[in-house]
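Trainee: this is a predicted model, with the sequence first.
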Amino acid sequence: MQRQKQIGVLAYLALAIGIVCIGFSAIFVKIAGAPGVVSAFYRVLFAGIAVVPWGLYRYRRRARLGGRQALLIAAGGVVFGIELALWNTSLLYTSAANSTLLANNASLWVGLGAWWMFREKLSLRYWCGLLLALVGMVILVGAMSGHEVHLQFGDLLAGISSFFYAAYLLIAQRARRGVDTLTFMAWSLVPSILILLALNLAMGTALGGYSKKTWLALLALGLVSHMIGWLALNYALGHLRAAPVSVSLLAQSIVTALASIPILGESLSHHQIAGGVVVLGGIYLANQRNKTQPIAAASEGCEETPN
């Protein structure tokens, strides 16, 4: 009982660290200014260089993965790679705050996915929250109607990326059972790297010739936002339920919005603030019935130490 309580505390701490680190990912992408598929590729590549050898070493000392579990992890890596390509590209066409908030509508789709795939019952509060969040999205995107079309395109890409983000969170919750954080991240990074490399080659984007500022931003994106941020978040996903974790991840938009003001010189309009508040309120309401609590099965089935 005491050990389970300690794991729960560590999971919450890891979640907080992950939120701060990932909250800065939009800032690093904006500073880099590289095409979205390029920044996404180097994000997972730099993280992979640091994590994969370490993860493979740990894997050799542990039991082998089952076939179904390996496929789940691989699928998660592919889905996450596509989500990064869409979201990083959206950042080049809209504000960091808008993109981050719209991408984090994933918590709504996580709830719907749990209802459809796992047959979880959804309360009236969930459906009311979903409706409220959709109204907030209309306000948020409608606030850009007087601007150029490319801003709306960025919002659209960020919204689409939220579906892939939700799929990743659902896959990660299932795949993490019985697998330590480092092994999961190492094995999921490989398919992410491969799918993003394939996208870059297919699109003919330049993978070199960038400035020192861009390379430093890409390095920070890979090591701070991805390696540290997702190691912490994947640890939390191994011990907390995906739906409430995805709601907590909405704090990323707050971190991003606040950091973008002094670092990127971005500002928030009254309509954007109002739309964001409505979206956050809707998502909070949608998940009120799901109290964040440790997953007993995950804690018992995973001999894990903090990474």
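Mentor: Cool, the structure landed.

Trainee: which residues of the stretch 201-307 of the chain score low on pLDDT?
Mentor: Filtered on pLDDT under 70, the stretch 201-307 of the chain yields the residue ranges 241-250, 283, 286-307.

Trainee: what segments of it are helices?
Mentor: Under the criterion DSSP state H, counting those that start in this stretch, the stretch 201-307 of the chain contains helices at 212-220, 229-237, 242-248, 251-264, 270-286, 296-301.

Trainee: next one: the stretch 1-150 of the chain
Mentor: 2-23, 25-32, 36-60, 67-90, 96-103, 106-117, 124-142, 149-175.

Trainee: so of these, which one's packed in deepest?
Mentor: Burial of those is given as mean neighbour count (mean count of other C-beta atoms under 10 Å); helix 96-103 ranks first at a mean of 28. (C-beta placed from N, C-alpha, C; glycine too.)

Trainee: can you redo the helices of the stretch 1-150 of the chain as JSON lines with mean pLDDT and distance to residue 207?
Mentor: Converted to JSON lines, those look like this (pLDDT from 0 to 100; distance: least, C-beta to C-beta, whole Å):
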{"stretch": "helix 2-23", "mean pLDDT": "82", "distance to residue 207": "24"}
{"stretch": "helix 25-32", "mean pLDDT": "95", "distance to residue 207": "13"}
{"stretch": "helix 36-60", "mean pLDDT": "90", "distance to residue 207": "6"}
{"stretch": "helix 67-90", "mean pLDDT": "92", "distance to residue 207": "14"}
{"stretch": "helix 96-103", "mean pLDDT": "82", "distance to residue 207": "23"}
{"stretch": "helix 106-117", "mean pLDDT": "70", "distance to residue 207": "28"}
{"stretch": "helix 124-142", "mean pLDDT": "73", "distance to residue 207": "32"}
{"stretch": "helix 149-175", "mean pLDDT": "81", "distance to residue 207": "21"}
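
Trainee: may I see the ones you listed organised as CSV, with distance to residue 213 added?
Mentor: Below are those laid out as CSV (distance: least, C-beta to C-beta, whole Å):
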stretch, distance to residue 213
helix 2-23, 20
helix 25-32, 7
helix 36-60, 13
helix 67-90, 17
helix 96-103, 17
helix 106-117, 30
helix 124-142, 30
helix 149-175, 22
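
Trainee: which stretch among the ones you listed comes nearest residue 227?
Mentor: Comparing the helices of the stretch 1-150 of the chain by their distance to residue 227 (C-beta to C-beta), the top pick is helix 36-60, with 4.3 Å.

Trainee: measure how far the closest one is from the centre of its chain, please.
Mentor: Averaging C-alpha positions (C-alpha atoms, centre = their mean, to the nearest Å) puts helix 36-60 16 Å from its chain's average.

Trainee: who does that helix touch, helix- and strand-wise?
Mentor: If you count contacts as 3 or more C-beta pairs under 8 Å, 6 or more residues apart in numbering; DSSP states H and E, helix 36-60 packs onto helix 25-32, helix 67-90, helix 181-203, helix 212-220.

Trainee: residue 168 is in contact with residue 79, isn't it?
Mentor: Yes. Counting by C-beta atoms under 8 Å, residue 168 does reach residue 79; the two are 4.9 Å apart.

Trainee: which one, of the helices and strands packed on helix 36-60, ends up nearest to residue 123?
Mentor: Closest to residue 123 of the helices and strands packed on helix 36-60, according to C-beta to C-beta: helix 67-90, at 27.4 Å.

Trainee: elements contacting that closest one?
Mentor: By 3+ C-beta pairs under 8 Å, 6+ apart, helix 67-90 packs against helix 36-60, helix 96-103, helix 149-175, helix 181-203.
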